[in-house]
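Asks: Here you go, sequence then predicted model.
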Amino acid sequence: MLANGFRFISAWTLFRPEDGVALFDGLEKNVMRCDDGEIVPFDVIPIRCEGIFLEMMHAAAERML
């Protein structure tokens, strides 16, 4: 997932700053990579962050650099 622009926030949260998408429960066991390289998430909670939540996620991503 990191190769797709997501940043590690915590053991179960990934965030992609470019479009404000956060993935919760994004554990490796909840994501499958197909033979063609396509990533198929299941049991993952995607959220497009907005407002203060988006600001908080950007701040968290910056702390993880």
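Replies: Received, thanks.
Asks: In the chain, what helix or strand scores lowest on average pLDDT?
Replies: Counting by mean pLDDT, DSSP states H and E, the weakest-scoring helix or strand in the chain turns out to be strand 39-41, with a mean of 83.
Asks: in that one, what counts as buried?
Replies: Of the residues in strand 39-41, none count as buried by neighbour count, 16 or more other C-beta atoms under 10 Å. For glycine as for every other residue, the C-beta is placed from the backbone atoms N, C-alpha and C.
Asks: which residues does residue 18 contact?
Replies: residue 5 (C-beta atoms under 8 Å, 6 or more residues apart in numbering).
Asks: Name the helix or strand for the spatially most central residue of the chain, please.
Replies: In the chain, the C-alpha nearest the mean C-alpha coordinate belongs to residue 14, at 2.7 Å (C-alpha atoms, centre = their mean). Counting by DSSP states H and E, the element that carries residue 14 is strand 13-16.
Asks: The helix or strand following that strand - contacts with which helices or strands?
Replies: Note on strand 13-16: by DSSP H and E, the next helix or strand toward the C-terminus is strand 21-24. Strand 21-24 makes packing contacts with strand 13-16, strand 45-48 when contacts are defined by 3 or more C-beta pairs under 8 Å, 6 or more residues apart in numbering; DSSP states H and E.
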